[in-house]
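J.: okay, sequence plus prediction incoming.
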Amino acid sequence: MSREEILFAKALKKVNNFLKFSGIYFDEEDINRNAAQRFLSRKFYCFNLLWLALHIIGEFLWAIDGIKTKASIVKLTYLIPGVTLSVLGCCKSYYLVKNGNLVSELIRTIKSLQSEIAISGLKPEIENDLNKRMVILTTVVTANSFLDGCGVAVFVVGPLVLSWLIYNSTGKLVMQLPFLAKFPFDETDIRFWPLAYIHQVWSCAIAVSTVHGPDGFYALSCTFLVIQFKTLQYDIERIIPESEDFALATTQDEFRMRLSRIVRRHLELIRCVDTVEAIFSKSNLCNVAVSSIVICVSAFNILTLGDFFLIPFIAFLIMWTIQVFVLCYYSDLLIESSTDVSDAVYRSKWYTANSAIMKDLLFVLTRAQKPCKLTAAGYVDLNLAVFNKIMSTAWSYFALLHTVYNK
């Protein structure tokens with residue numbers, strides 16, 4: 001196996017282990033199953049999805065009561081990040097399982113492309129770029145895992161600390177929960193509190209894994225597709241050696257065989273990007289639509305809540321910012337690396353070839369000028385400009401909310 005194949009297999013295994021926590025995981029048999037069969041084969045995931053849905057319903061019911069009873073804006077904004085993460089987790093995991101056949105097909109195609117170029121081996125320039133991309137990917141996954149751990153830990157321990165502080169000051173045992181939600185029983189009663197507490201803690205763990213598991217696969221797929229595009233550029237630049245005489249028929253035939261292989265790889269890469277788009281476009285739309293609001297509310301909570309409760313929302317704010325940045329960053333990389341293929345054609349020694357070969361190369365150059373990109377269900381192209389817009393909008397919302405709160 002080539003170094004790229006080994007790294008891909010290791011990274012894929014790590015992502016799959018994260019997905020197994022919520023019951024999603026990769027399964028090669030998905031390619032032969034319909035959507036209903038894919039869900040039925042993941043009974044643990046269906047259980048978790050139902051569990052999380054009940055938590056979301058409880059939070060929405062609390063929000064409705066809070067609006068009716070005119071609850072404070074602080075309590076209402078406290079609710080938003082958690083319920084948004086839960087809904088987004090349901091959305092991302094649902095589309096990943098629903099499109100399980102496309103996921104299996106994408107993994108197979110990437111492995112096939114890797115094995116094809118493994119014969120000649122990775123060039124030093126490509127291997128250095130691969131190492132850099134893997135460092136970035138590992139850093140992103142590690143940072144999100146650490147922030148998730150901090151946020152979940154504080155949300156889990158926070159109610160216990162608050163209950164203890166209330167008991168010390170008043171002498172009354174008033175049990176607290178990590179999140180605001182409505183239950184069909186008195187959740188502050190010590191007899192029922194453990195059930196509500198376990199339900200919310202597990203819901204939080206499911207929400208985190210169903211968001212960052214699919215995101216990990218998204219980043220992994222984009223990373224190795226970018227490397228494939230870089231390898232394609234390298235091969236195109238060197239498709240015309242200096243020593244070849246294109247007046248010879250055999251030389252032209254050899255060139256056309258090399259070009260045919262390159263064109264086929266290029267088309268396969270374009271199809272892979274389209275597959276990633278089909279898997280993630282709808283969940284990306286949900287992500288982009290709510291990101292400005294969630295970032296705004298998280299920043300507002302940091303300003304208004306007490307010292308101890310700052311920690312989970314600081315972690316949440318950084319985690320969500322990184323999460324939406326990753327979506328835009330990797331799409332931006334795909335746009336850049338796919339359009340650079342046209343530059344590779346220009347950098348090749350096309351001027352030494354005859355008119356027929358120049359015409360063939362022109363077709364490759366023209367097709368490569370159309371970027372491969374990922375979108376939010378076709379409504380907006382994901383790139384770093386969109387990330388800047390999301391952050392700018394979040395700041396505007398935050399300024400408005402802070403002004404209203406101070407009045």
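T.: Nice, thanks for sending it over.

J.: contacting residues around the most centrally placed residue in the chain?
T.: The centre of the chain sits closest to D215, judged by CA atoms, centre = their mean, with a distance of 2.3 Å. Going by CB atoms under 8 Å, 6 or more residues apart in numbering, D215 touches K92, N144, Q323, V326, L327. No exception for glycine: its C-beta is placed from N, CA and C like everyone else's.

J.: isn't the third one up against G216?
T.: No: taking contacts as CB atoms under 8 Å, Q323 lies outside contact range of G216: 10.8 Å.

J.: so these two - more neighbours on which side?
T.: Per other CB atoms under 10 Å, whichever of Q323 and G216 has more neighbours is G216, with 25 against 20.

J.: circling back to that earlier point, and the furthest pair within the contacts of D215?
T.: K92 and N144 (13.6 Å; CB to CB).

J.: the more surrounded of the two?
T.: Taking other CB under 10 Å, K92 and N144 do not tie; K92 has more neighbours (25 against 22).

J.: just checking, next helix/strand downstream of the host helix or strand of that one?
T.: K92 belongs to helix 73-98 when assigned by DSSP states H and E. Per DSSP H and E, the first helix or strand lying C-terminal to helix 73-98 is helix 100-118.

J.: counting by contacts, list what the following helix or strand past that following helix packs against.
T.: Using DSSP H and E, the helix or strand that follows helix 100-118 in sequence is helix 124-170. The contact analysis (3 or more CB pairs under 8 Å, 6 or more residues apart in numbering; DSSP states H and E) places helix 124-170 against helix 3-20, helix 193-237, helix 310-347.

J.: avg pLDDT for the longest one?
T.: Taken as a whole, helix 193-237 carries a mean pLDDT of 90.

J.: and what of stretch 154-171?
T.: Mean per-residue pLDDT for stretch 154-171: 78.

J.: same deal with stretch 364-374?
T.: pLDDT averaged over stretch 364-374 gives 86.

J.: for that stretch, buried residues please.
T.: Across stretch 364-374, burial judged by 16 or more other CB atoms under 10 Å covers V364, L365, R367, A368, P371, C372, K373, L374.

J.: residues in contact with the last one?
T.: With contacts defined as CB under 8 Å, 6+ apart, L374 is in contact with 222, 273, 276-277, 280-281, 284, 327, 330-331, 334, 381-382.

J.: what is the nearest of these to F39?
T.: Nearest to F39 among those: F280, at 18.3 Å, using CB to CB.

J.: sorry, back to before: now render the contacts of L374 as JSON lines, adding neighbour count and distance to K182.
T.: Output for these, formatted as JSON lines (neighbours: other CB atoms under 10 Å; distance: CB to CB, whole Å):
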{"residue": "C222", "neighbour count": "26", "distance to K182": "40"}
{"residue": "V273", "neighbour count": "22", "distance to K182": "44"}
{"residue": "V276", "neighbour count": "22", "distance to K182": "39"}
{"residue": "E277", "neighbour count": "20", "distance to K182": "39"}
{"residue": "F280", "neighbour count": "29", "distance to K182": "33"}
{"residue": "S281", "neighbour count": "17", "distance to K182": "34"}
{"residue": "N284", "neighbour count": "26", "distance to K182": "31"}
{"residue": "L327", "neighbour count": "26", "distance to K182": "32"}
{"residue": "Y330", "neighbour count": "26", "distance to K182": "39"}
{"residue": "S331", "neighbour count": "29", "distance to K182": "39"}
{"residue": "L334", "neighbour count": "27", "distance to K182": "43"}
{"residue": "D381", "neighbour count": "16", "distance to K182": "40"}
{"residue": "L382", "neighbour count": "27", "distance to K182": "36"}
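
J.: which helix in this protein has the most residues?
T.: helix 249-304 (DSSP state H).

J.: now that one, how far from the centre of its chain.
T.: Relative to its chain's centre, helix 249-304 lies at 11 Å (CA atoms, centre = their mean, to the nearest Å).

J.: check which helices and strands that helix sits against.
T.: Partner elements for helix 249-304 (3+ CB pairs under 8 Å, 6+ apart): helix 73-98, helix 100-118, helix 193-237, helix 310-347, helix 355-368, helix 384-406.

J.: mind running it again at 6 Å?
T.: On a contact count with 3 or more CB pairs under 6 Å, 6 or more residues apart in numbering; DSSP states H and E, helix 249-304 meets helix 73-98, helix 100-118, helix 193-237, helix 310-347, helix 384-406.

J.: and the fourth one, which residues are buried?
T.: Spelled out, it's helix 310-347. 311-335, 337-342, 344-345.

J.: what is that helix packed up against?
T.: helix 124-170, helix 193-237, helix 249-304, helix 355-368, helix 384-406.
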